[in-house]
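Peer 1: Pasting a predicted model and its sequence here:
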Amino acid sequence: RCYREALRFRPDFLAALDDLVRESQYLCEWGELRELQQRLAHGVANSAQPISPFTPVATPGLGSMQLAVSRRSSEAVEHSLKPTRARMNLRHVGGERKQLRIAYLSGDFHENAMPYLMATWFEQRDRESVWAAAYSYGPNADGPMRRRLHGAFDAFHDLHNASTAAIAQRIHDDRIDIAV
């Protein structure tokens with residue numbers, strides 16, 4: 001209701017429209033969802049206002065909106081981190097290696113749906129070809145899934161209190177090739 005009220009006063013307020021679309025999806029209110037999604041896509045195409053990149057992912061058939069929002073979001077993150085990147089001056093050291101080094105960053109490495117869906121995949125990767133590390137910025141919650149994930153990765157870093165710069169330095173120090 002609050003999002004509708006905000007849109008009544010400012011019909012072009014994309015953040016409110018984005019939230020209304022997401023809440024309608026969560027609450028399974030399908031009645032006008034497609035119309036709201038189309039309205040959001042039109043707004044994204046005709047405005048530079050930022051919105052969450054997560055709503056478009058759950059909006060089938062609107063690939064151009066997904067691409068536009070993804071580009072805007074990544075540009076905003078890159079812009080906000082520019083001073084930190086310049087100060088740290090980190091350089092990727094490539095070259096021939098026996099293993100591809102992959103970093104998985106998440107706030108959900110605990111009792112949560114994501115690890116239940118992904119744990120077997122982490123466990124059954126080709127360990128001779130792929131070295132994988134977890135970088136957890138979520139709660140440090142001990143439990144069966146957290147312990148299972150510790151065993152699924154070659155390294156598990158609890159970074160819930162770390163700064164962006166500290167996380168970047170940790171990933172650099174681990175010589176990561178791909179961050180997910």
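Peer 2: Looks like it arrived, so ask away.
Peer 1: Figure out the helix or strand that the residue nearest to Ala48 when sequence neighbours are not counted lives in.
Peer 2: Nearest non-adjacent residue to Ala48, counting by Cβ to Cβ, 6 or more residues apart in numbering: Arg72, 7.6 Å away. All C-beta atoms are positioned from the backbone trio N, CA, C, and that covers glycine. In this structure, Arg72 is located in helix 63-88 according to DSSP states H and E.
Peer 1: burial measure for Tyr104, as a count.
Peer 2: Look at Tyr104: counted by other Cβ atoms under 10 Å, it has 19 neighbours.
Peer 1: ends of stretch 52-67, how far apart?
Peer 2: 12 Å (Cα to Cα, to the nearest Å).
Peer 1: scratch that, stretch 120-137 is what I was asking about
Peer 2: Using Cα to Cα, the end-to-end distance of stretch 120-137 comes to 21 Å.
Peer 1: same deal with stretch 103-121?
Peer 2: 14 Å.
Peer 1: So for it, mean pLDDT?
Peer 2: The pLDDT scores in stretch 103-121 average 93.
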